[in-house]
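Trainee: Show me the folded form of this:
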Amino acid sequence: MIFKRIILSTFFCTFFTLSVFSQKPTNELLNEAKITAQKEGKAIFIKFEASWCGWCHKMTKDMKANKTKDFFNNNYVIVPVVVKESAKNKNLENPGSTELLKKYGGDKAGLPFWVILDANLKLITNSYNDKNQNLGGPASAEEVAAFIGKIKKTAKHISEKDIENIKNQFTLKK
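Mentor: This is a model prediction of the structure:
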C-alpha cells in the first residue's frame, strides 16, 4: 500500500511539475489568440519578454495598472511570449518564440519587442518608431507619444481619458 502511494505521489508531482513549467508553443498561443480576437472583435498584442528584462516587467506593470488595464483588456488579446532567456532559464521560453520574434523583425531588437496583429494574424504595427528604433517599453515622453500613435490606429475604442492614463502611467517621472 505504501509503495502504491509513493508511485502515485511521484506520478502526480511529476505531472504537476511538467504542466506548471511547460510553456505553450507559439503556434498554440497564436491560434488561441486568433479565435478570441475574432470572437471579441479585438486586435492581438504580442509582447516578447524575458524574466531578466526590467523594461519588460515595467511594461507589464504599466499595462496592468488600475487606470490602464481596462483599456488594454477591452481592445487587445494580450499574448506574452517568453524569448531570449539565459541558458539556465531556457525552459521558460515558449517553443517557437525565437522564430516568431524573427518573423516579425524583432530578432535584432532589444526587449520588450511587441507587435499588434489583426484578428486574422496580419501585422498592423510593431514597436519600431519612425527612426527604426525599438520603442520597447516606452518610458520617455517621445516614446510614449509614438506608442500612443500606434495604439490609436489599432484600438477599437480609445478616449482622451485613455490617452491621458497611458501617458501618465508609462512616462517615467523625473
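
Trainee: what about this protein, any weak spots by pLDDT?
Mentor: Scanning the chain for pLDDT under 70 picks out 1-22.

Trainee: just the helices in it please.
Mentor: Ranges of helices in the chain, per DSSP state H, are 2-21, 26-40, 54-63, 69-75, 97-103, 141-154, 160-170.

Trainee: And those helices: which comes nearest residue 114?
Mentor: Nearest to residue 114, of all those, is helix 54-63, at 8.0 Å by C-beta to C-beta. Any C-beta I mention is one placed from the backbone N, CA and C, and that applies to glycine too.

Trainee: and the closest one, what does it pack onto?
Mentor: With contacts taken as 3 or more C-beta pairs under 8 Å, 6 or more residues apart in numbering; DSSP states H and E, helix 54-63 sits against strand 43-49.

Trainee: And the contacts of the strand it packs on?
Mentor: Taking contacts as C-beta atoms under 8 Å, 6 or more residues apart in numbering, the residues outside strand 43-49 that touch it are 30, 33-34, 37, 56, 59-60, 72, 75-84, 97, 100-101, 104, 106, 111-119, 121, 124, 154-156.

Trainee: what are the phi and psi values for the residue nearest to residue 23 when sequence neighbours are not counted?
Mentor: Among residues not flanking residue 23 along the chain, residue 94 sits closest, at 4.5 Å (C-beta to C-beta, 6 or more residues apart in numbering). Note on residue 94: backbone dihedrals following degrees, to the nearest 10 are phi -80, psi 130.
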